[in-house]
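Visitor: whatever this is, show me its structure:
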Amino acid sequence: MSNQIYIYTYCAWSPNGDILAVNSYDLENSSNRLGLLNRSIGEFRVTEITMSHLSPIWKNNDTIYVSEANIIKEIYVVSGKPKIIKTINTKNEPLLFYGVIDEQPLLLLHNTLMYGDTPLISLVSSRRYGIIWTGEYIFISETPSSLLIYDAKGNKICQTNPGRLIRFGSIGEDTSTVYGVSGSTLLRLSVKDNSIHIDEICDLSRY
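Guide: Numbering: from 1, shown residues only. Down below sits the predicted model:
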């Protein structure tokens, strides 16, 4: 495996910030594999676990999900060698994969957000960075005038007109808060009392 060349795409920190999971594309073998950066020991290695082009998704501090074709792999990573401990089959290969809720994957197929094999929400268009699942809420930036919040089972919690299209970046300090960007503005979005609150954090163009 020496002298291999990789292109690194999506990455995700574990909730406690100890491990960075990286989607690593092997140019020699034309395959994507899971890379792991262990911050405490300063080691990065690409594992033998293959995956699709999508982002890894953390379940907790020691377990991660990756997708490959129509298979979701649950992987225990805090060990000498990462180990696949469970697989979940889906009917179709997802356009995007957001996580697993009660043993059912949350997927985007075409313009439909799916909970396992069940259609959950029909979207105006496929929003790669306009959907984020926090473990409690699904935030959907559908259009510039339509921001929707659902619970895990597809029940609409609230809807608002933000006046701009928001691209989500990360979950905030709890499962009711996420961060996103619209234009050059960094935003914090929070769900409270069945309504959505949007706060402008800073103008990134000033830095």
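Visitor: isn't residue 202 right up against residue 186?
Guide: Yes. Between residue 202 and residue 186 there is a contact under C-beta atoms under 8 Å: 5.2 Å. Just so you know, the C-beta spots here come from the backbone N, C-alpha and C atoms, and that holds for glycine as well.
Visitor: more neighbours: those two, which one.
Guide: residue 186 (15 against 11; other C-beta atoms under 10 Å).
Visitor: partner residues bridging that one?
Guide: residue 181, residue 202 (DSSP bridges).
Visitor: go on, residue 198?
Guide: residue 189.
Visitor: any idea how this structure splits into domains?
Guide: 1-89, 103-207 (automatic domain parsing).
Visitor: pLDDT (mean, whole number) over the first one?
Guide: Right, domain 1-89. For domain 1-89, the mean per-residue pLDDT is 89.
Visitor: could you check how far it is from the centre of its chain?
Guide: With C-alpha atoms, centre = their mean, to the nearest Å as the basis, domain 1-89 stands 13 Å off its chain's centre.
Visitor: element containing the residue lying closest to residue 144 once chain neighbours are set aside?
Guide: In space, and not counting its chain neighbours, residue 144 is closest to residue 165: 4.5 Å by C-beta to C-beta, 6 or more residues apart in numbering. Using DSSP states H and E, no element contains residue 165; it sits outside every helix and strand.
Visitor: didn't residue 141 look like it was pressed against residue 161?
Guide: No. Judged on C-beta under 8 Å, residue 141 makes no contact with residue 161 at a distance of 11.5 Å.
Visitor: same drill for the two, tell me which one is more crowded.
Guide: residue 141 (22 against 10).
Visitor: for residue 164, see how far away that one is.
Guide: Counting by C-beta to C-beta, to the nearest Å, the gap from residue 141 to residue 164 is 9 Å.
Visitor: same deal with residue 109?
Guide: Residue 109 sits 27 Å away from residue 164, going by C-beta to C-beta.
Visitor: more neighbours: these two, which one.
Guide: Using other C-beta under 10 Å, the more surrounded residue of residue 109 and residue 164 is residue 109, with 17 against 14.
Visitor: per-residue confidence at that one?
Guide: 86.
Visitor: what's near enough to touch it?
Guide: Counting by C-beta atoms under 8 Å, 6 or more residues apart in numbering, residue 109 touches 92, 94-95.
Visitor: now these in JSON lines, with distance to residue 52 and pLDDT?
Guide: Formatted as JSON lines, these follow (distance: C-beta to C-beta, whole Å; pLDDT from 0 to 100):
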{"residue": "92", "distance to residue 52": "13", "pLDDT": "82"}
{"residue": "94", "distance to residue 52": "8", "pLDDT": "83"}
{"residue": "95", "distance to residue 52": "10", "pLDDT": "82"}
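Visitor: any chance of those residues in TSV, plus distance to residue 71?
Guide: As requested, those are arranged in TSV below (distance: C-beta to C-beta, whole Å):
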residue	distance to residue 71
92	11
94	10
95	15
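Visitor: out of those, who's the most crowded?
Guide: Neighbour counts for these, by other C-beta under 10 Å, peak at residue 94, which reaches 20 neighbours.
Visitor: surely that one meets residue 53?
Guide: No. Checked against C-beta under 8 Å, the pair residue 94 and residue 53 is beyond contact range at 11.0 Å.
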